[in-house]
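Novice: got a predicted structure here, sequence first:
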Amino acid sequence: MNSRTQKLLPKSIRKLVHALLVSSFVLGSIQAQEVLNMDSLATSNRSGIENSLQGTVAGLRIKNWTGTSGVQSTLTLRGLSLDPTNESTAPLILINGVPILTSPSSITGINPLSYYSPDQVERIEILKTVDQLAPYGIQAPNGAINLIMKSGKVGPLHLRGSASVGVNLLNNFDSSKDAFYNFNSTARRKVFKSGSIIHDQSILVDGGGDYGSYLFGMNNHSDEGVLKSTKFNRQSLFLNAKYNITPKLRAHFYNNLALTHRNGRYAGEYDRTFKVPAVEDESYFMDKKRNVAFLSSLGLSFQLNPKFSVQSTAGISYEGASRDLYIPSNILSGSIFASSEAYKRQLITINSYLNYEHPLSADWDMNLKLGHEIRATDNRLTSVDGSRSLESGGSNFVKVVTGYNAYQTDALSDHAKENLIGFYGIGKWKYKDDLKLNIVLRADGSSLYENKWSLYPSIGFVYSLANAVKLPLSFNASIGRIGMLNRPQAYNGELTAKGDYYNNNYLGIGTLYPAFKNAKSVDIFEVDAGLSVQFSPSISLDINYFNKTYQHFIYQRYLPNIQGVDFQYETGGSIGLSGFEVTLNGSWIQKNHFTWTSNLNLAAYNNQVNKLPSDIENTSIAHLKALSSGDAITSLIAYEGTQQKIVGNSESKIFGGIGNSLRFKNISAQFLFNFASGADIIAESFESRYDATTIDGQFPLKNQETPFYFIQGDEKALVYQGIRTIEPGSYIRLNKLQVIYHLTSLFKNQQKIEDFQLFFRGDNLATFARYSGVNPEENIMGIRSTSLGFTGTPLPMTIALGSKIVF
Amino acid sequence: MKMKIHYKLWKLIPMVVLSISSCTDYLSITPDNRTEVAEYYNSAQRVNQAVIGTYVDLRRALLTNHAWLMYGEARAGDLTVEVGYQALVASQRLNVDQYNLNQISDWEYFYDVIASANNVMEIVSSADPTLLTEYQHQLYLGEALALKSMAYFYLARIWGDIPSGEASDLGQKLTSAEAIDRAMTFADKAKELLPWMLLNDDGIESTALTAVRFNKSAATMLFAQEALWAGKNQEAETALEELSADEAKLSGLGLSMGVDRRTDIPQTPLSRTMVSMPLDKLNKIYPVGDQRRSSLFTISDGQSGATLIVKDASTLEILKLSELNLLRSEAAWKVGKVDKAIEYMLIATEGSTEDYTTLSDEAFADALLLERQRILVGTGQRFFDLIRFGKISKFVPSLSPAAVENGATYWPLSAGSIRDNALTQSSYWSNQQSQ
């Protein structure tokens, strides 16, 4: 098989599942539990790298909750918190081992994972067990995903180009199934658009030699989205350069600069009630969201002698997000509103370590690593907004300029800084190919606590029976303690400005909350165990179990009304997450003209409350008061009669994916189903919603609705909100389909063309569910509220045609 | 080349060592978006902010939901406040489950005053000796004590038995009398510490500043009110007699208006038509010819009520200086110095149509009560006066003597107060229908 024909073939196994500690003795490598090769995945047409990972790894849960373009899908990997929507439940995401900003800024909501094109990524390493995560300490309590970017290959210049164009389809879109079930189909036709265009172009140039290697390129991605006039765009430039300064001193420079922008729309995005008869005219409405982001990292490694080496990597992940909003008077019935916001976030990390390798005997090897990591985050938010009533004369547009005056303007500037220092030691011992032992000790100091330091020890091993007993079996287990940052910084207490006095010359201040000396990180104890069986060279099965216990969350305790302050901070609460993950990889047919491989991955999770604070009613987590030990923390809680009770669970119990790769001669195809089961979805009712004062605390039951209701609003105006239905959120979805036709044979005489392919790519092609809405994953909290807060817009089917050429 | 690189690398080592040794500095961030308690009070100006914070707390306690009128006047039924819940208060339906009433029934804001005042005292007493001048030291301590005294006085008058807000016995139940005793002790100390006149930022005596902060005469008036409430008439009389300074230096206490950053309290609680009195009541209280009538109320043609005149919208008077002679008169009368009492009464009631020169001992109480009503209208004293003079059932017929005996003059305890402090509702309020 020459190299040309090799390129024709899809990878024989679309997913490589490595045993633990594979290649662990390579400098700087991460001991990933699972590694995905990006070129062998069916990538997504939608922006956001996470969309290409959906359904590929057991335990990696990615929810496509909205059709709005440029928005991040929710992402968890064995992650949990007292507040399940907390961003700390997301895994740590690294690029070439460097941590990046991951969560979308609150002002633009643009997904930081959309700054990278799947074409840039070589492979993705998934880290789940405690001994793999421990080297990252408090940064990675809930899993880690490391994206290794493509780098230049040895040889003369290579050129890769690809382009695709496609459409978002809301085929057979039934407006009564849309989340706005109190629907207005005329309005919907004006807001939602089927057939909007999506296109993507990228160019990569690379090469390499003794001096090192280089890869640079650019990418353009555009998605008009399903909401009219809300196009999302990304342009990026990137460089991945490695330079061998001397054979022992090497430098690695990576840079990715991305510009993204997305426009918003009033009706359908902010006002989602769509009042009859039609959507207001949106002329002059402006909502411009712009992000500028870059990631730069510089790594230096030096081999002091055959046993000792040092490596240091510094990274800067920066995002400047801005939003300019203007709402004209025809929408706000006579008033105009304008605001401008900017949010600048930066994350600087420096990670250095000394590596020592020492063969203890013919059978035993030892590797020790001592490292030091610094992490500094600095986020600044500035916003100005103002509104005024429209004066006579002038156009709406002119009022943008004259709309501000000092008394109607609010200005806000906020600044949050956090520093972290970690020291770590990693010891690895290896006995032949049979036993691998891994001991990690990390100490993290955080600026958030008065008592800054915590120690995180962990230990893990893999034992293979292949040599000793000739059984194709290996076991692994690990145990350890890790931490999750608890915010806010509360140990010095906080003063508050109470009010102005004496002609507003004096400012009165006082204590907002007293100093909280016991602040500390959330402690997580984790136990992992796994079994890996290689039934034949082409079939393998992995079963993993884990159990995580989280404790010492920070929350507010409301104080009795004679204390003079409203609350103080306190730690407490304990919750748990455990589950099984099963992965089956099969390479069923391997013929010259036909191959078939598949992957099944499945996770069965259970989360539960172990212990909640006593007198929970007087805390900021009072909404959990109906839960007792053993109940899921993701329970959906509602009133029935006067009692609160659990009426469902917003989290799936089982989820996963089934992927298949087929190749017949020059045609290859991949299709991926993903599924989830066991979650419930609550739909609030438009018909039974009552002002508390009118019903005297007695919720009137309604036929054809459930007997359950929520109590919402504030003390001043309580609302009793009836629940129309509680439905199962289970589904199976044909998430991706990719067909590639390799045309390289047409260019037999063109030696320079290595590969030419035409491809078809589809996302979200079909969903099988009993859910009465459009998308069973559209409700982040499991509740389809009447305000549609936390409910996404309809998810479109996206299909695209494209071509790729490699010189 | 190799040597050179080695050499450069070794130079890095001290830097790494340095960076590690500066861990503590690196991990200590002073957030610039927040003001932290630790080490904040490092200047006299900042200690002053804490004192002002206590005034703002008192302002919130008294102004939110027009509470000073709801506690002190609305229940007596003479004044009308243009808010929805006024009718409920006027008809004594204080335990109706209504947002504003629930808030007025809760004493939290008064305890905020106590906690803030105690905080000021701690800041002042633990401050570096060079931080505050002797004047500032005494002023801030005096103000804190007076503010605290006032909060306890309101609490005891509004709710009767209350929990202590002092760190030494926090939450311990004080009877109404014990609470007043405590308030008197604080006011007594305060009046010793406070100056007659406060100095402004330029060090000059300022009438305007003195009028919106506690001073010697305001603290003495507070002390006298408390002593008279407690029946310690001699103490009231003695204290008031000590107020013999230059009349120009005497000052009452008003709360300066301003923006409250925490709650949505009214900045002009006495806006033009907010407080009024029906004409028939006005005519009854201020007979035609009474000069106070037109100086206190605006009577517009065709209106059925007269609106209270707001002379200075920037200040809400809580301790009116014009009460001083009323207090002196009352104290003198209570200790048997009737002539002196009449003397003060005549000064206090200038402009009235009545002739008080021959006031008999028996009629004194009624005259005093009436004059207090006339002069102090709008300062939230009337209902407390009725209690003090034992005339509740006479002027508020819906509150029978038996009801008063069972606690009807007090406000019901809020749900939070009962839950947090192991208290029980008085028999009057627990027997009232909540709707």
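Specialist: Sure thing, it's come through. Small disclaimer: the values here were computed from a predicted structure and weren't measured.
Novice: only C-alpha atoms from now on, for both contacts and neighbour counts.
Specialist: Noted.
Novice: so where is the chain shaky, pLDDT-wise?
Specialist: You didn't pick a chain, so chain A it is. A:1-33, A:172, A:175-176, A:178-184, A:274-281, A:389-408, A:750 (pLDDT under 70).
Novice: please refer instead to chain B.
Specialist: B:1-22, B:245, B:433-435.
Novice: show me the strands in it, by range?
Specialist: Taking DSSP state E, the strands of chain B run over residues B:80-81, B:162-163, B:173-174, B:198-199, B:205-206, B:253-256, B:275-278, B:297-299, B:305-308, B:315-319.
Novice: contacts only, for the residue in the stretch 101-250 of chain B that chain A sits nearest to.
Specialist: Of all residues in the stretch 101-250 of chain B, B:D112 sits closest to chain A, at 3.8 Å by C-alpha to the nearest C-alpha. Applying C-alpha atoms under 8 Å, 6 or more residues apart in numbering or on different chains to B:D112 gives the contacts A:I562, A:Q563, A:G564, A:V565, B:D57.
Novice: what about it, distance to B:N119?
Specialist: For B:D112, the distance to B:N119 equals 10 Å [C-alpha to C-alpha, to the nearest Å].
Novice: what are the buried residues along stretch B:131-139?
Specialist: Residues of stretch B:131-139 classed as buried by neighbour count (16 or more other C-alpha atoms under 10 Å in any protein chain shown): B:L131, B:L132, B:Q136, B:H137, B:Q138, B:L139.
Novice: pretty sure B:V124 contacts B:Q138?
Specialist: No. When contacts are counted by C-alpha atoms under 8 Å, B:V124 is not listed as touching B:Q138 (9.1 Å).
Novice: one step back: in strands, which of the contacts of B:D112 fall?
Specialist: Going by DSSP E, the strands hold none of the contacts of B:D112.
Novice: and after the helix or strand harbouring A:K417, which helix or strand comes next?
Specialist: Assigned by DSSP states H and E, A:K417 belongs to strand A:409-431. Of the helices and strands lying after strand A:409-431 in sequence (DSSP H and E), the nearest is strand A:435-446.
Novice: number of nearby residues for the closest residue to chain B within the stretch 51-200 of chain A?
Specialist: Closest contact between the stretch 51-200 of chain A and chain B, by C-alpha to the nearest C-alpha, is at A:I138 (14.7 Å). If you count neighbours by other C-alpha atoms under 10 Å in any protein chain shown, A:I138 ends up with 29.
Novice: wasn't it part of a helix?
Specialist: Yes. With DSSP: H, G, I helix; E, B strand; the rest coil as the criterion, A:I138 is assigned to a helix.
Novice: for it, which non-adjacent residue is spatially closest?
Specialist: A:G483 (4.8 Å; C-alpha to C-alpha, 6 or more residues apart in numbering or on different chains).
Novice: and what of A:E122?
Specialist: Closest to A:E122 by C-alpha to C-alpha, 6+ apart is A:K150, at 4.6 Å.
Novice: tell me the contacts of that neighbour?
Specialist: Counting by C-alpha under 8 Å, 6+ apart, the residues that A:K150 touches are A:Q120, A:V121, A:E122, A:R123, A:L215, A:N240.
Novice: show me how chain B divides into domains.
Specialist: B:44-259, B:275-308 (automatic domain parsing).
Novice: ranking those by burial, who's on top?
Specialist: domain B:44-259 (a mean of 21; mean count of other C-alpha atoms under 10 Å in any protein chain shown).
Novice: ok, now how distant is the residue of the stretch 51-200 of chain A closest to chain B from A:S745?
Specialist: Distance from A:I138 to A:S745, by C-alpha to C-alpha: 52 Å.
Novice: quickly list what A:Y545 is bridged to.
Specialist: With DSSP bridges as the criterion, A:Y545 is bridged to A:A529, A:F580.
Novice: so it sits against A:E581, correct?
Specialist: Yes. Contact criterion C-alpha under 8 Å: A:Y545 and A:E581 qualify, at 6.4 Å.
Novice: the more surrounded of those two?
Specialist: A:E581 (22 against 19).
Novice: just give the nearest non-adjacent residue to that one, would you?
Specialist: A:E581's closest residue in space is A:A603 (C-alpha to C-alpha, 6+ apart), at 4.4 Å.
Novice: what do you get for B:T80?
Specialist: B:S276 (5.2 Å).
Novice: that neighbour and chain A: what is the separation?
Specialist: Distance of B:S276 to chain A, computed by C-alpha to the nearest C-alpha, to the nearest Å: 27 Å.
Novice: wait, that residue touches B:I309, no?
Specialist: No. At 9.1 Å, B:S276 does not count as touching B:I309 under the criterion of C-alpha under 8 Å.
Novice: now the helices for the stretch 251-400 of chain A?
Specialist: Using DSSP state H, counting those that start in this stretch, the helices of the stretch 251-400 of chain A run over A:398-402.
Novice: paired strands for the strand or helix carrying A:L159, with orientation please.
Specialist: Remark: A:L159 resides in strand A:155-169, with elements defined by DSSP H and E. Its sheet considered, strand A:155-169 pairs with strand A:196-209 (antiparallel), strand A:797-806 (antiparallel) by DSSP bridges.
Novice: just checking, next helix/strand downstream of that strand?
Specialist: That would be, after strand A:155-169 and using DSSP H and E, helix A:185-191.
Novice: related to what we said a few turns ago, greatest separation within the contacts of A:K150: which pair is it?
Specialist: A:R123 and A:L215 (15.5 Å; C-alpha to C-alpha).
Novice: more neighbours, these two?
Specialist: More neighbours surround A:L215 than the other of A:R123 and A:L215, with 24 against 20 (other C-alpha under 10 Å).
Novice: pretty sure A:D119 is in a helix, no?
Specialist: Yes. A:D119: assigned to a helix according to three-state DSSP.
Novice: contacts only, for it.
Specialist: With the criterion set at C-alpha under 8 Å, 6+ apart, A:D119 makes contact with A:D39, A:S202.
Novice: again, only this time at 7 Å
Specialist: Contacts for A:D119 (C-alpha atoms under 7 Å, 6 or more residues apart in numbering or on different chains) come out as none.
Novice: repeat that for A:W588.
Specialist: A:W588 neighbours (C-alpha under 7 Å, 6+ apart): A:W596, A:T597.
Novice: three-state assignment of it?
Specialist: Strictly by three-state DSSP, A:W588 counts as strand.
Novice: neighbours of whichever residue of the stretch 551-700 of chain A sits closest to chain B, how many?
Specialist: Nearest residue of the stretch 551-700 of chain A to chain B: A:G564, at 3.8 Å (C-alpha to the nearest C-alpha). Neighbouring residues of A:G564 were enumerated by other C-alpha under 10 Å; the total is 26.
Novice: and the gap between the closest residue in space to it that isn't next to it in sequence and A:D566?
Specialist: Spatial nearest neighbour of A:G564, chain neighbours left out: B:D112 (3.8 Å); criterion: C-alpha to C-alpha, 6+ apart. To A:D566, B:D112 is 9 Å away according to C-alpha to C-alpha.
Novice: which residues in the stretch 251-400 of chain B form helices?
Specialist: Under DSSP H, counting those that start in this stretch, the stretch 251-400 of chain B gives helices at B:279-285, B:291-296, B:324-334, B:338-348, B:361-375, B:382-388, B:392-395.
Novice: kindly compare burial across the ones you listed and name the winner.
Specialist: helix B:324-334 (a mean of 25).
Novice: does A:N607 belong to a helix, a strand or coil?
Specialist: Applying three-state DSSP: A:N607 is strand.
Novice: ok, it - contacts?
Specialist: A:N607 neighbours (C-alpha under 7 Å, 6+ apart): A:G576, A:L577, A:S578, A:A632, A:I633.
Novice: one more time with 6 Å, if that's ok
Specialist: A:G576, A:L577, A:A632 (C-alpha atoms under 6 Å, 6 or more residues apart in numbering or on different chains).
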